[in-house]
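J.: okay, predicted coordinates and the sequence, questions at the end:
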Amino acid sequence: MSGGQEAAPFDALRGRLQEAAAEFADGPDALEGILLGIVDDVDRAVHEPLEIFPVCHHSPASAVAMARRLREKQPKVVYLELCEDMAPLLAELRNCRLPVAVQAFASEVDGFPAEWAPLSVVAPITEASAEYQAVAYALDTPGVELVLVDRSCDHVFQWQPEGPRPAAEPDGEPGAPAPEEEAALHGDAVGVEVGDLRPRFAELEEFLLHHGRVRHWSEWWHQYVEVPLGDSDHDTYRQVMLLIGSLFRRLAPGDPGRVRVDEDRERYMWTRMRQHLAATGTDPADCLYVCGAFHAASSVPEFGVHGSDTFEISPPSASTWQYGLIPSSHAAIEAQFGLAAGSVSIAATQWAKNVRRSRVRPFRLAGQAGDRKLPKAARALPRVPDTEASDRLSGFLQRPPVLDRLDEEELLGWSVDVVRAARRNGYLASTADAIAVFETSILLAGMRDRARPTPYDFQDAAVTCIEKDTVPGRRDVRRIVEIMMGGDRIGQVGYDALPPLARDVHDRLAPLGLKLQQRGVQRALLDMASKPELKACSDVLWMLRHLMPHGTARPIMGERKLGEQPIQESWDVALGTHQRALIELGYEGVSIEQVLEQRLRREAYGPQATTARVLQAVEDATLHLRSRRLADELGNRALEVLATERTVDGAPEVLRRVRRLLAYYRTSEPSLPGWIGSFVKTGYAHYCTLLPTAFTDEDATVRQVAATLGFLFGMESLALSLGCDRTQLELAVAQSHPEEPARVALLWAAQLQLGRLTRAELRTRCAGLLGNPLVVPAYPRYLSGFLHALEPVPQLADFVVELVSDAFAVLPDPVLLPWLPTLIGTLRSGGAELAPLLIREAGRVFPGRLAALDTWVPPWAVEPAALLPPSAAPAAARGAALLAAHPAACDALAELLGCEVTWVVAESGPGGAVLAARHPATAAALAEILGA
C-alpha cells in the first residue's frame, strides 16, 4: 500500500526503514521488501473500518489491553477467533472455576479416517487471556452480541492432512521431566487457541533466544513483549502486535499445508463477518474483531469488510459432534501448545501485577465460580470516540528499554518463601541459602542485561543454590518455584455446566455425603444392611468402575458376584480428579446404564469380539444392568461367535464363564435360558471337532487343551440331555494322537474318564515311565499334564498326589529341581481350582502328625488283599441274609403296593450268576455274534 492521506502517519517510518535496509543489506531489494511490507501490513490493519484487535494466546498484556479497549470503545458486536460451533457453551463459563476448556467431541466419525476416532477439539480459557475478557464483556453487557467466526470443529479435521496428527513443538529444555497427571487433562485432543504467536522460522527463534540471553521462547516473550507492553496505551499495543504478527508471517518458511490452512482460516473468518454485517446491518465502526496477531496482518483477497466474496465454505461432514466443558490446568495448556513449564503460571502472576499497576478494571462473568470476593457492578462509562491513527511504532522502536528498578522487598519475599518450601520438601536449606538465592538472582539478571530479576532468573538462581545431587522428595526445586509463583491452577466445571449424565451421577451419589467435585481421593463407607438406600449408590460405583479410568472408583472392601447380595462395602472415590472422563462419558448417553449397554453391545459386535469377551459382556449385563433381555441377546451373539472360532485359544475363559453363568441360572432362575442350552449343545459338538487338532497344535497350550476337555466332560450331562451323542467325544479322543508328554498325560486322563483305561493300567504306564532311564528326564512334563488334567477329571486328585510323591521319592535332583518352578507356576496359574483339590487330597492321604510319618505306608504301596476288610472275605453262600431274617418291612411294602409275597429260601450251594445259568440263550447268542 503506497502513500496517500491515510498512509501519511507511517511515511517517516518507511523512509527510515528504507535507509536502514540500504545501509545494512548488500542490496535493498530483499530486506527492503520485508521491512516495508511489515509497515504496509500494519498500515492496512490500522485503517480497516472494522477495528482489528491483535492478541497473543494467554498473554497478560493482551488481556489488560483488551479490558481497557472494551471499556473505551464499548462495541456492540465482538467477533472472536474461536470455533463458531462452540458459541452455546460460553455462557456456562460462569458456572466454572477457570481454567477450563471448551470441548467438541465425536466418538463415531463419518467422512474421516477411522484411525482418527474419536475426534476431540479443546479451546482452553484462562482468566489472564484476552478472549475471556471479550466473552465476559459480551455476555454481561446488555445489547452486545458475541459472534464466533473461526472454522467449525469439523473443519479443523477437514483441513488437516491425512496421517498422524502433528504434535505441539515443545518450548522447554531437553531432558525435562515427564509431565504430571494434571498435564494430561486434555487427553489427545487437538488444541485451538486465539493468537498463536511464535516464530515459524527456526533460525529466527534461535537468533532471538541467543541475543536475548534466554533459554526458551516463553521467557523471551515475557521479557521483551509482555513487560514493555504491560503499561502501554492502546495504539502502541495494537501497532506493536501487528508488527510482530507481520514479521513472523513474512519470515515463516513456505510450508504449503500450514500456509494454506492459515489463509483459509482468514478467508473463513472475514467471510463470516461480512455475512453477519450484511444480515444485521451493523455499522463496522461499532464492532471489534479479536484475533491472533498472525491473522491480523493478513494479505488474502478476502481481508476487510470490502474484501472479495469468492471463498466458499464447505459443508460439515456427517459426524455427530457433542459439546461440553472440561477442566483444564496450567500444565495441560503448556503441554497442549508446547509452552515452557511454569510459563502460564508466571503469566497469571504477571496479569495480577498488570491489573494492580494499570488500575484497569477487568471484566468477569457475574457469579463466576472460584471468586473469593464478588466484584462490584461496573458502572457505565462514557464511550471514548475513536481518534485518527498515528505512528506509535517509531517512538516505541527508538525508545530505549525502560529499566525496571529492583524490587528488593519482592525478591526477598521470593527467596524466603522458596527456602521455606524447599525445607518442607526435604531439602536442608537455611537462611544462608535464602541470601545466596537473593544475590544470585541479581547476578544472573545483570549478566543477562536486566536490572530486575525475572521469575526465570529467580528460578535459575534457586536451582543453583538449593538443588542437590538427588531430590529428597517428590518435587525438585524447579517445580517448587513454579508452585510458589502461582502453582498449577486446576479448573473445575460447575454442576450446572455438567452434561445430564454427570449431573445424574452426582445426584445418585449424593447420599454418600461426599464432596464429589473436590479433587483427591475420598473414602466412602456403605453399610447396606442398616441403610438399604445405599444399594443404589453401590450400583453406580460398580458401573463407574467398569466405565471410568482406573482410580475413579476403587473398591477397598466388598466384591460383586453373580447371585450374591452385598452387605458392606468401602470405596475410594476420586470423581473430581477424573472430571474430564466423566464429562466425556456424558457425550455417549444420558445415563450410565445407557452408556454401559452401548459399550457392551460394541464389545460384543465388534470385529475383535471373541466368545470369552461376549460371555463377559453377558455377565456384566446380568451383574450391573440386571437386564435379562440384553443378556439373552448377547448370549445368542456368543453362540454365533463360537461357531466361527477355529482354535481353542479362549477355552479356559469360556469354560470359567460358562460354569459361572450356569451356576447362577440354576440357583436363581426356574429354568435355564434358551441361549445357554444352545451354547452348551453347540459348544460340545464344536470342541469335539477341534479336540484332535488341539492335541497336536503347537500354538495351543496344555492349559487350553485341558480346558477344552473340561468343557466336554463338565458339560457332558447337560449336553447329552439336550440331544448330543457321547460317541462324538469318544471318536474325538480316539482320533487324538499327541506326542508331547504333557498332552499324552491329558489323553490318558481323558481315556480314564471315558472308561477306556483303568486306574491299574494307568499306574502301570506311569511306573514304566519311571523305570525307563531314557524317559526319566521328561517325567516332570508328564506330571504337568496330569496337574492340568485335574481341570477335566478332578477324580484324579488322589492319583496326582501319588505321582507327585513318587516323583519326589524317585527322581534325581538334577531332574527334580529344575521342574519345581514349573510345578509352582502351574499351581499358581490354576491355583483357584487345582491347589484346593491337591491340598485336600494330600491332607486325607498323609498322616496328620509328624510322629506318625516314620511308620506311615502310602496307600498305593499296600497290597490290594491287605486293604480288604475281614467282612469282605469270600463266603460260602451270598444273598440278602438281612432281608430274609427280617421280612416284615418287605411284607408291609408289598401289601401297600398290592403285591403277593412269596419268599424263596436260598440254597446253601455256591453263589454266582444264577440268572445267566438259568437263561443261557442270551449269552449263547452274543457268543455267536462275536465268533467265539
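T.: Ah, there it is.

J.: show me the strands in this structure, by range?
T.: 51-55, 77-83, 96-97, 100-106, 119-125, 145-150, 190-191, 287-292, 322-327, 492-493, 522-527, 553-557, 568-573 (DSSP state E).

J.: considering those strands, which stretch scores lowest in mean pLDDT?
T.: Ranked by mean pLDDT, these bottom out at strand 190-191, which scores a mean of 63.

J.: so how far is Asn95 from Asp496?
T.: Separation of Asp496 from Asn95 (CB to CB, to the nearest Å) stands at 4 Å. Yep, even glycine has a C-beta here, placed from its N, CA and C like the rest.

J.: who's more crowded, those two?
T.: Each of Asp496 and Asn95 has its neighbours counted (other CB atoms under 10 Å); Asn95 has more, 19 against 11.

J.: what sits closest to that one if chain neighbours are left out?
T.: Among residues not flanking Asn95 along the chain, Gly494 sits closest, at 3.4 Å (CB to CB, 6 or more residues apart in numbering).

J.: how about Leu783, what does it touch?
T.: For Leu783, the contact set (CB atoms under 8 Å, 6 or more residues apart in numbering) comprises Ala745, Val800, Leu803, Val804, Ala807, Trp819, Leu823.

J.: just put those in TSV and tack on distance to Phe337.
T.: Output for these, formatted as TSV (distance: CB to CB, whole Å):
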residue	distance to Phe337
Ala745	63
Val800	64
Leu803	67
Val804	64
Ala807	65
Trp819	58
Leu823	56
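
J.: could those residues be laid out in TSV, adding distance to Gly723 and pLDDT?
T.: TSV is the format used below for these (distance: CB to CB, whole Å; pLDDT from 0 to 100):
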residue	distance to Gly723	pLDDT
Ala745	32	92
Val800	34	86
Leu803	38	85
Val804	40	83
Ala807	43	80
Trp819	44	77
Leu823	41	71
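
J.: out of the residues you listed, which sit inside helices?
T.: Ala745, Val800, Leu803, Val804, Ala807, Trp819, Leu823 (DSSP state H).

J.: neighbour-wise, which one of those residues leads?
T.: Ala745 (29 neighbours).

J.: quick check: it touching Leu790?
T.: No - with contact defined as CB atoms under 8 Å, Ala745 and Leu790 do not form a contacting pair (11.1 Å).

J.: nearest to Glu206, of the strands of the chain?
T.: Checking the strands of the chain against Glu206 by CB to CB gives strand 287-292 as the closest, at 22.7 Å.

J.: just to check, Glu205 is in contact with Trp217?
T.: Yes - with contact defined as CB under 8 Å, Glu205 reaches Trp217; the gap is 6.2 Å.

J.: which of those two has more neighbours?
T.: Neighbour count, other CB under 10 Å: between Glu205 and Trp217, Trp217 has more, with 22 against 19.

J.: where does pLDDT dip in the stretch 801-932 of the chain?
T.: 826-833, 863-881, 905-915, 931-932 (pLDDT under 70).

J.: and if we set it to 80?
T.: 810-811, 816, 819, 822-838, 853-854, 858-885, 897-919, 923, 927, 929-932 (pLDDT under 80).

J.: go on, the stretch 451-600 of the chain?
T.: 451-452, 468-470, 473-474, 482-489.

J.: helices along that one, start to end?
T.: 455-466, 477-484, 500-508, 534-547, 579-586, 592-605 (DSSP state H, counting those that start in this stretch).

J.: before we move on, what about the stretch 701-850 of the chain?
T.: Using DSSP H, counting those that start in this stretch, the helices assigned to the stretch 701-850 of the chain run over residues 702-714, 716-721, 726-734, 741-754, 759-771, 779-789, 797-810, 813-829, 834-845.

J.: what's the shortest one in contact with?
T.: Here helix 716-721 makes contact (CB under 8 Å, 6+ apart) with Leu662, Gly677, Val680, Lys681, Gly683, Tyr684, Arg726, Leu729.

J.: mind running it again at 7 Å?
T.: Residues from elsewhere that reach helix 716-721 (CB atoms under 7 Å, 6 or more residues apart in numbering): Val680, Lys681, Tyr684, Arg726.

J.: and for the longest one?
T.: Counting by CB under 7 Å, 6+ apart, the neighbours of helix 813-829 from elsewhere in the structure are Arg703, Val776, Pro777, Pro780, Ser784, Leu787, Ala807, Phe808, Leu834, Ala835.

J.: list only those of those residues flagged as buried.
T.: Buried subset of the contacts of helix 813-829 (neighbour count, 16 or more other CB atoms under 10 Å): Arg703, Val776, Pro780, Ser784, Leu787, Ala807, Leu834.

J.: let me know the closest of the residues you listed to Ser317.
T.: Out of the buried ones among the contacts of helix 813-829, the member with the shortest distance to Ser317 (by CB to CB) is Arg703, at 47.5 Å.

J.: so that closest one makes contact with Gly650?
T.: No - using CB atoms under 7 Å, Arg703 is not in contact with Gly650; the gap is 11.6 Å.

J.: now do the contacts for the closest residue to Glu588 other than its chain neighbours.
T.: Of all residues not flanking Glu588 in the chain, Val595 sits nearest, at 4.6 Å (CB to CB, 6+ apart). Neighbour list for Val595: Leu547, Leu585, Glu588, Gly589 [criterion: CB under 7 Å, 6+ apart].

J.: how many other residues sit next to Ala707?
T.: 26.

J.: relative to Leu783, how far out is the residue nearest to Asn95?
T.: Taking CB to CB, one finds Gly494 at 64 Å from Leu783.

J.: before we move on, the earlier item: need the strands of the chain in TSV with mean neighbour count and distance to Glu633, can you?
T.: Below are those laid out as TSV (neighbours: other CB atoms under 10 Å; distance: least, CB to CB, whole Å):
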stretch	mean neighbour count	distance to Glu633
strand 51-55	26	54
strand 77-83	24	39
strand 96-97	22	40
strand 100-106	26	27
strand 119-125	25	30
strand 145-150	21	44
strand 190-191	19	37
strand 287-292	25	52
strand 322-327	23	26
strand 492-493	24	36
strand 522-527	15	31
strand 553-557	15	27
strand 568-573	18	30
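
J.: can you check which of those strands gets nearest to Leu630?
T.: strand 553-557 (22.2 Å).

J.: what is that closest one packed up against?
T.: helix 534-547, strand 568-573 (3 or more CB pairs under 7 Å, 6 or more residues apart in numbering; DSSP states H and E).

J.: hang on, the earlier thing: mind checking which of the strands of the chain is nearest Arg448?
T.: That would be, of the strands of the chain and by CB to CB, strand 51-55, which comes in at 27.4 Å.

J.: that closest one packs against which elements?
T.: When contacts are defined as 3+ CB pairs under 7 Å, 6+ apart, strand 51-55 sits against helix 60-73, helix 234-250, strand 287-292, helix 293-296.

J.: ok, and what's touching the shortest one?
T.: For helix 293-296, contacts defined as CB under 7 Å, 6+ apart pick out 45, 52, 54-56, 81, 195-197, 241-242, 244-245, 248-249, 265-266.

J.: could you do the third one as well?
T.: Contacts of strand 287-292 with the rest of the structure, by CB under 7 Å, 6+ apart, involve 50-55, 73, 75, 77-81, 130-131, 134, 194-197, 269, 273.
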